[in-house]
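A.B. asks: no letters, just coordinates:
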């Protein structure tokens, strides 16, 4: 799992005129928050905790932002700033920070947002040891402002043309990469990633693409920056998949509290990735009366779910958040003996997630294996579906197709 992301924050943003005369482009406000908050929020929910901001112009503002952004505390981010000694280009910015890069890392443009499943990029590197980098690409009708890529059948990039300057359709760079540290060997103190480095990797067939048709915006021109004010807040309001655990993600073998007793349901990991790639938040909401009965501890639950997260990341999938209820009115452990609205069929866990995350309830859904699961979803105003076993990926595929038609 890739745990580090570098973000390019050093550009002058000259096409935005007076807006960026004294403000780095990534710090421009979208709605009431700096644009960088959008990128950090997405990195944090994908489990990327180590952030390296590559700064140049007005670097002291980037340093102040790194200390003060509330996204840092929300996701427990470790944010560092690397400052170029002089303007060094996109490749040079990485070269000057080379000693602070992990063996694998994401790289994001600080002025664009491509709303993708980041774990999909990391899985490309994991599955192709000879590949140095994976690039998220988007098909656009007008490619004149972007680097245009040509793909082979296996998604290897076979041509890269930086900003052709003419109106044509094609795949463009979405400004999101997953890299191996081998990239550093190709960098110079002053160089352009797009002009000097990517063409070499393309020639050596060491760069692969991940096409996605999800939301993309580059705030670098006035028209797009204006659109961002309404589009980005709307895009951040996502549908969510609320998933019961025992009986949906794993076989319900009775009070599963350790990895040794956890058996994945067929298609469960693929189903979670399908939700990720459709732009859903994915939440687990699970009654865990095994804690109340003294069969395992809350710490055991956290350890189990940390392992679940690791296994999901290897499949290019992730869970955004977990809610569990360890309480029961007949608990053997008196600390957990109480009636609570977090225990399904009550909707407390779901309602708490709705308060914590920007969820579009009308487009959200719950999948459970019991009537009590569905009752909790319905009580929270969420469309709910009962899974009675089989392949969860097939169940979810049909569900997504049905909700897409009805939506």
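C.D. replies: Looks like it came in fine. Bear in mind the structure is a predicted one, so any value in this text is a computation, not a measurement.
A.B. asks: might one say that residue 245 is in contact with residue 283?
C.D. replies: No: judged on Cβ atoms under 8 Å, residue 245 makes no contact with residue 283 at a distance of 10.6 Å. Placement of C-beta: from N, CA and C, glycine included.
A.B. asks: after the longest strand seen in the chain, next one along is what?
C.D. replies: Assignment by DSSP state E gives strand 170-180 as the longest strand of the chain. For strand 170-180, the succeeding helix or strand toward the C-terminus, using DSSP states H and E, is helix 198-203.
A.B. asks: which helices and strands sit right next to that following helix?
C.D. replies: strand 157-161 (3 or more Cβ pairs under 8 Å, 6 or more residues apart in numbering; DSSP states H and E).
A.B. asks: let me know the average pLDDT across stretch 4-17.
C.D. replies: Across stretch 4-17, the average pLDDT comes to 90.
A.B. asks: quick check: buried residues in it?
C.D. replies: Neighbour-count burial for stretch 4-17, with 16 or more other Cβ atoms under 10 Å as criterion, is recorded at 4-11, 13, 16.
A.B. asks: possible to save the residues you listed as JSON lines with distance to residue 304?
C.D. replies: Output for the buried residues of stretch 4-17, formatted as JSON lines (distance: Cβ to Cβ, whole Å):
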{"residue": "4", "distance to residue 304": "25"}
{"residue": "5", "distance to residue 304": "27"}
{"residue": "6", "distance to residue 304": "32"}
{"residue": "7", "distance to residue 304": "32"}
{"residue": "8", "distance to residue 304": "37"}
{"residue": "9", "distance to residue 304": "38"}
{"residue": "10", "distance to residue 304": "42"}
{"residue": "11", "distance to residue 304": "44"}
{"residue": "13", "distance to residue 304": "46"}
{"residue": "16", "distance to residue 304": "48"}
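A.B. asks: which among these gets closest to residue 367?
C.D. replies: Taking Cβ to Cβ as the measure, residue 367 sits nearest to residue 5 out of the buried residues of stretch 4-17, at 30.6 Å.
A.B. asks: enumerate every residue touching the spatially closest residue to that closest one that is not a sequence neighbour.
C.D. replies: Nearest residue to residue 5, sequence neighbours excluded (Cβ to Cβ, 6 or more residues apart in numbering): residue 106, at 4.0 Å. Contact analysis of residue 106 by Cβ atoms under 8 Å, 6 or more residues apart in numbering lists 2, 4-6, 43, 48, 118, 121-122, 176-179.
A.B. asks: recalculate using a threshold of 6 Å.
C.D. replies: By Cβ atoms under 6 Å, 6 or more residues apart in numbering, the residues touching residue 106 are 2, 5, 178.
A.B. asks: what angle separates the helix or strand containing it from strand 170-180?
C.D. replies: Per DSSP H and E: residue 106 is located in strand 104-109. Angle of strand 104-109 versus strand 170-180, following axes from the mean of the first three to the mean of the last three Cα atoms, to 10 degrees, is 140 degrees.
A.B. asks: circling back: from residue 123, how far out is the residue nearest to residue 5?
C.D. replies: With the distance defined as Cβ to Cβ, to the nearest Å, residue 106 ends up 13 Å from residue 123.
A.B. asks: which helices and strands does the helix or strand of the chain with the lowest mean pLDDT pack with?
C.D. replies: Of all the helices and strands that make up the chain, helix 392-406 has the lowest average by mean pLDDT, DSSP states H and E, namely a mean of 87. Helices and strands touching helix 392-406, as assessed by 3 or more Cβ pairs under 6 Å, 6 or more residues apart in numbering; DSSP states H and E, comprise helix 268-277.
A.B. asks: the following helix or strand past the helix it packs on pairs with which strands?
C.D. replies: Next along the chain after helix 268-277, taking DSSP H and E as the criterion, comes strand 281-287. The pairing partners recorded for strand 281-287 under DSSP bridges are strand 240-243 (parallel), strand 321-325 (parallel).
A.B. asks: residues making contact with the longest one?
C.D. replies: Pointing back at strand 321-325 there. With Cβ under 6 Å, 6+ apart as the test, strand 321-325 has contacts from 283-288, 301, 305, 342-343, 349.
A.B. asks: could you dump those to a markdown table with pLDDT and neighbour count?
C.D. replies: Listed next are the contacts of strand 321-325 as a markdown table, based on pLDDT from 0 to 100; neighbours: other Cβ atoms under 10 Å:
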| residue | pLDDT | neighbour count |
| --- | --- | --- |
| 283 | 98 | 24 |
| 284 | 98 | 22 |
| 285 | 98 | 27 |
| 286 | 98 | 22 |
| 287 | 98 | 24 |
| 288 | 97 | 24 |
| 301 | 98 | 21 |
| 305 | 98 | 18 |
| 342 | 98 | 19 |
| 343 | 98 | 21 |
| 349 | 98 | 25 |
